[in-house]
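Novice: predicted model and sequence follow; I will ask about them next.
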Amino acid sequence: MQNRQNQPRITPARLSTRIILPRKLLEKIIAHSRSALPNEACGLFAGHINEADKRVEEVYCLKNIDESPEHFSMSGEEQFAAIADMRKRGLTLLGNFHSHPSTPARPSEEDIRLAFDSSLSYIIVSLADAEPALKSFNINKNENSAAEETVEYTS
Ligand SMILES: [Zn+2]
């Protein structure tokens, strides 16, 4: 038997959470991410929660005020306007997204450190390869862990 003490703790995936994302909104996220190159892009997404399903109905493309290829900060004014629009339309904030222009779709240490709300989903789009890759994560900054969520695309 090997000593298991030193092995990293595997965080169980939050298998229950499923992001349901219309392809049209996937395209909107990718287009915004490409338009921000070489910098990171960012935004919010909203919709409805039904038990474990998060159905995305709107994507808000926001300005990265850091204008950096390695960091992002959302424009506060634009966040405020997006939240107001969600309220008006009866949508729930489901999470945020940002792009990684040249690294994989995996949360960085900073992404985990800055993830303040473990009820939100954190989508990362990687443009490192010719084909963009999108992944969604549940991040628990206190546990320093991220679990990938299922993403299902609808037409
Ligand atoms: Zn990141």
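Specialist: It's in. Residues are numbered from 1 along each chain as shown.
Novice: rest of the way, CA atoms for contacts and neighbours
Specialist: Will do.
Novice: could I get the contacting residues of the residue nearest to the spatial centre of the chain?
Specialist: Centroid-nearest residue in the chain: residue 123, 1.8 Å away (criterion: CA atoms, centre = their mean). Counting by CA atoms under 8 Å, 6 or more residues apart in numbering, residue 123 touches 95-98, 134-137.
Novice: I'd guess it is in a helix, am I close?
Specialist: No: using DSSP: H, G, I helix; E, B strand; the rest coil, the assignment for residue 123 is strand, not a helix.
Novice: tell me how far it lies from residue 88.
Specialist: 24 Å (CA to CA, to the nearest Å).
Novice: so residue 151 touches residue 16, yeah?
Specialist: No: contact status for residue 151 versus residue 16: not in contact, 11.3 Å apart, counting by CA atoms under 8 Å.
Novice: higher neighbour count, the two?
Specialist: Neighbour totals were compared for residue 151 and residue 16, and residue 151 leads with 18 against 11 (other CA atoms under 10 Å).
Novice: what bridges to the closest residue to the more buried one other than its chain neighbours?
Specialist: Counting by CA to CA, 6 or more residues apart in numbering, residue 19 is the residue found nearest to residue 151 once chain neighbours are left out, at 4.7 Å. Beta-bridge pairing for residue 19 (DSSP bridges): residue 54, residue 151.
Novice: who's in contact with residue 19?
Specialist: Contacts for residue 19 (CA under 8 Å, 6+ apart) come out as 53-56, 136, 149-152.
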